[in-house]
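**Student:** I need the structure of the sequence given here:
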Amino acid sequence: MSTPPTPPPGCPAHRLYGPEAEADPTALYEKLRAEYGSVAPVLVHGDLPAWLVLGHRENLDVARTPSRFSRDPRRWGDKLAGRVPPDHPLTPMTAWQPVCQFQDGTDHERLRGAITDSLERFDRRGIRRYVKRFADQLIDAFVESGRADLVADFAEPLPMLVMTQLVGAPDSYGPRLVEAARDMIRGTETALASNDYVTLTLRELVARKRQVPGRDFTTWMLEHETALSDDEVVEHLRLVLIAAFETTANLIANTLHIVLTDRRFRANLSGGHMTLPDALEQVLWDVPPLMTVIGRWATGDTELGGHRIKAGDMLLLGLGAGNRDPEIRPDTDAPIHGNRSHLAFSSGPHECPGQDIGRAIADTGIDTLLTRLPDLELGVPEADLVWSSSLMSRHLQALPVRFTPRGTTVTGSTPLPARAAAAVPTAPAAQPPAARGSWWSRLLGRR
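**Tutor:** Predicted coordinates:
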C-alpha cells in the first residue's frame, strides 16, 4: 500500500470543499498562492490530499507533459491504497472508463483523433445558423412576457439543442436531452435514471446512423478510419454532449451576467470598443466555465513549483487561479484584448477539442439575444443573485431579467417541440443510496 502524499511542514492543507471554498473560491486561491506559491497542498472530499496548481506556467507544464502527469486515474495512490470508497464524491470524475479523457499515448491519440477529425468537418456557418434558429425559438417562448430567467430559459437549453442537431438527432430529442442533462448535473434523486436515459437515447441514435448515415458528428465518428466500436461512439457522444452543455451554458450565463451588471463592460460592447468575441475571451480569462479540473496523477516522484510531488499524487489544474497568476497578469482589473493564452480550455493533448464550437454557440446566441432585446436589464438587485460554488466551478443559479415585451415576429422561427411529460425518466422503485444521488450536486455545486 502506498503512503499518502506528504504536504510541506506546517500544513494542515486547506479544504477545497465546505463553507470557505464555496463562499469565495477566488479568494481561497489567492490565500493559497500567498501561503504556498504556484502549487498548494489541499484536501478534497473525505480529506484526501491533493495538489492544486495555481501558477499559469505550472498549469501548462502539468497539462502538456503526460509522461510526468498522467490522465489515467488508475495511478491514484490513495485509490490503490483503498482510501477512496466507491461512493466517494469524486468517483464520477475519477472512475476509469475507456474514453479519451482517461487515456494517454497511442490509445488517447486514436480516440481523440476520431473526435477532432469529426468536429473539424463541420461548416462553422452552418453551426451558427443552428444557433440562431434555436436562440430565436427560445426567445420567442418568453419575449411577450417581458421577463425571463436567462439561465433556465436560455443559457442552459441553447447548447444542448444545438449539439443535438450536430450529432444528427431529431429535433424532438433536444428538449428531452436538455431536461435529462440538467437532472444529471444537479444530482437529483433521478440523476442516475437520467444518465441511463441519455445513454439509451444515444445507443438508439448510433444504431439508426449505422442504418441511415447522415452529415453529422455521429456518422463521422462511425465512419472514422480508427473503426470505433458502437460502445466507444456512444461513450464519446455522451462525453461531448455533457461537456458542451455544462461549459457552454456557464460561459453564456457568465457573459450575460457581466453585460447586465458591469456598465463599463456593456458600454464598451455596445459602443464598438469591444467585439462580442473579445468580450467572451475576457470572460474566459476572468470566470472560466470550469475553475478547476480533476485531475492528473504523478507517474513518478517529481518536483513542481518548489514542492516534492510523489508518484500517485493527484493534481488539480487550477484554471481560474492560473488565469489570475500575477506573473502573467499583474493587473487583473485591466481588460485583455486579442489574447487567448488563458487556461479556460486547458492545454496540451487533453485541451478541449470543441472550444471553437462552444465559442460559436455563445457568441451567436448572445448576439441574437441582445439584438432582439436591446433593453435587457437585471430583474432583481445584483446582491440577490445566488451563486453555487464547488470544487470544479461556480454557477449562477438564476439570472432574472426584464425588458419591453415584444411579439414573436422572427421570420422562419418555428416553435420548439413540446416537452414530453416523461422527458426525464422517473426514478426506479429502488432508489440508490443518497450519497450516490448527490455526487453531481456536491461536485458541481448544483442543488
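
**Student:** Spatially nearest residue to residue 23 (excluding sequence neighbours)?
**Tutor:** Using Cβ to Cβ, 6 or more residues apart in numbering and skipping the chain neighbours, the partner closest in space to residue 23 is residue 389 (7.3 Å). C-beta here means a position set from N, CA and C on the backbone, and glycine is covered the same way.

**Student:** and after the helix ranked longest in the chain, which helix or strand comes next?
**Tutor:** Counting residues, the longest helix found in the chain (DSSP state H) is helix 230-261. Next along the chain after helix 230-261, taking DSSP states H and E as the criterion, comes helix 263-270.

**Student:** which helices and strands sit right next to that following helix?
**Tutor:** helix 230-261, helix 276-286 (3 or more Cβ pairs under 8 Å, 6 or more residues apart in numbering; DSSP states H and E).

**Student:** Walk me through which strands the next helix or strand after the last one pairs with, and which way each runs.
**Tutor:** Tracing the chain past helix 276-286, the next element assigned as helix or strand by DSSP H and E is strand 293-298. Here the strand partners of strand 293-298, with direction, are listed using DSSP bridges: strand 69-70 (antiparallel), strand 314-317 (antiparallel).

**Student:** Mind listing residues that contact strand 293-298?
**Tutor:** With contact meaning Cβ atoms under 8 Å, 6 or more residues apart in numbering, strand 293-298 is reached by 50, 62-63, 68-73, 75-77, 90, 93-94, 309-317, 319, 346, 391-392.

**Student:** Pull out the buried residues from those residues.
**Tutor:** By neighbour count, with 16 or more other Cβ atoms under 10 Å, the contacts of strand 293-298 hold 50, 62-63, 68-73, 75-77, 90, 93-94, 309-310, 312-317, 319, 346, 391-392 as buried.

**Student:** Which of the residues you listed fall in strands?
**Tutor:** Residues of the buried ones among the contacts of strand 293-298 located in strands (DSSP state E): 50, 69, 70, 309, 314, 315, 316, 317.

**Student:** on that earlier part again, how about CSV for the helices and strands packed on helix 263-270, with mean pLDDT added?
**Tutor:** Formatted as CSV, those follow (pLDDT from 0 to 100):
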stretch, mean pLDDT
helix 230-261, 92
helix 276-286, 92
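
**Student:** Could you identify which of those is most buried?
**Tutor:** helix 230-261 (a mean of 22; mean count of other Cβ atoms under 10 Å).

**Student:** what angle do that helix and helix 263-270 make?
**Tutor:** Using axes from the mean of the first three to the mean of the last three Cα atoms, to 10 degrees, one finds that helix 230-261 and helix 263-270 are set 110 degrees apart in direction.

**Student:** For this structure, give me the ranges with low pLDDT.
**Tutor:** With pLDDT under 70 as the threshold, the chain has low-confidence stretches at 1-12, 185-188, 409-447.

**Student:** Work out the gap between stretch 32-41 and the centre of the chain.
**Tutor:** Its chain's average C-alpha position is 25 Å from that of stretch 32-41, according to Cα atoms, centre = their mean, to the nearest Å.

**Student:** Just the buried residues of that stretch, please?
**Tutor:** Neighbour counts over stretch 32-41 (16+ other Cβ under 10 Å) mark 32, 33, 36, 38, 39, 40, 41 as buried.

**Student:** Mind checking which of those are in strands?
**Tutor:** 39, 40, 41.

**Student:** Return the residues in contact with the closest residue to the second one other than its chain neighbours.
**Tutor:** For residue 40, ignoring the flanking residues on the chain, the nearest one in space by Cβ to Cβ, 6+ apart is residue 32 at 3.9 Å. Going by Cβ under 8 Å, 6+ apart, residue 32 touches 14, 40, 42, 52, 54, 321.

**Student:** Can you add distance to residue 183 and give these back as CSV?
**Tutor:** Shown next, in CSV, are the contacts of residue 32 (distance: Cβ to Cβ, whole Å):
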residue, distance to residue 183
14, 32
40, 34
42, 30
52, 30
54, 34
321, 30
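
**Student:** who wins for neighbours among these?
**Tutor:** For the contacts of residue 32, neighbours were counted using other Cβ atoms under 10 Å, and residue 40 has the most, 30 neighbours in all.

**Student:** quick one: that residue and residue 71, what's the gap?
**Tutor:** To residue 71, residue 40 is 21 Å away according to Cβ to Cβ, to the nearest Å.

**Student:** Likewise for residue 326?
**Tutor:** Distance from residue 326 to residue 71, by Cβ to Cβ: 28 Å.

**Student:** Residue 308 too?
**Tutor:** Per Cβ to Cβ, residue 308 is found 22 Å from residue 71.

**Student:** To what extent is residue 120 buried, counted in neighbours?
**Tutor:** By other Cβ under 10 Å, 10 other residues sit near residue 120.

**Student:** List the contacts of it.
**Tutor:** Residues near residue 120 by Cβ under 8 Å, 6+ apart: none.

**Student:** how about it, phi and psi?
**Tutor:** The phi and psi values for residue 120, taken as degrees, to the nearest 10, are phi -70, psi -10.

**Student:** Residue 318 and residue 60 touch, don't they?
**Tutor:** No. When contacts are counted by Cβ atoms under 8 Å, residue 318 is not listed as touching residue 60 (11.8 Å).

**Student:** Comparing those two, which residue is more hemmed in?
**Tutor:** Using other Cβ under 10 Å, the more surrounded residue of residue 318 and residue 60 is residue 318, with 32 against 18.

**Student:** Minimum distance to residue 182: which of the helices and strands packed on helix 263-270 has it?
**Tutor:** Counting by Cβ to Cβ, residue 182 lies closest to helix 230-261 out of the helices and strands packed on helix 263-270; the figure is 8.4 Å.

**Student:** and the closest one with helix 276-286, angle?
**Tutor:** Angle, helix 230-261 to helix 276-286, by the same axes, to 10 degrees: 100 degrees.

**Student:** Quick check: residue 339 is in a strand.
**Tutor:** No. Under DSSP: H, G, I helix; E, B strand; the rest coil, residue 339 falls outside any strand and is assigned coil.

**Student:** Please shift the residue numbers so they start at 45 in all later answers.
**Tutor:** Renumbered: residue one is now 45, and that last one reads residue 383.

**Student:** ok now do the nearest residue to it once chain neighbours are set aside, which residues does it touch?
**Tutor:** In this structure, residue 383 finds its nearest non-sequential neighbour in residue 325, 7.0 Å apart by Cβ to Cβ, 6+ apart. The contact partners of residue 325, by Cβ under 8 Å, 6+ apart, come to 380, 381, 382, 383, 384, 386.

**Student:** Now tell me what touches stretch 429-440 from outside.
**Tutor:** The contact list for stretch 429-440, computed with Cβ under 8 Å, 6+ apart, reads 60-61, 65-69, 88-89, 195, 290, 294, 297-298, 301, 331, 333-338, 360, 441-443, 486-491.

**Student:** same thing with stretch 165-172?
**Tutor:** 206, 210, 261, 264, 400, 401, 404, 405, 408.

**Student:** Go ahead and confirm the first one touches residue 181.
**Tutor:** Translated: residue 206. No. Between residue 206 and residue 181 there is no contact under Cβ under 8 Å: 11.2 Å.
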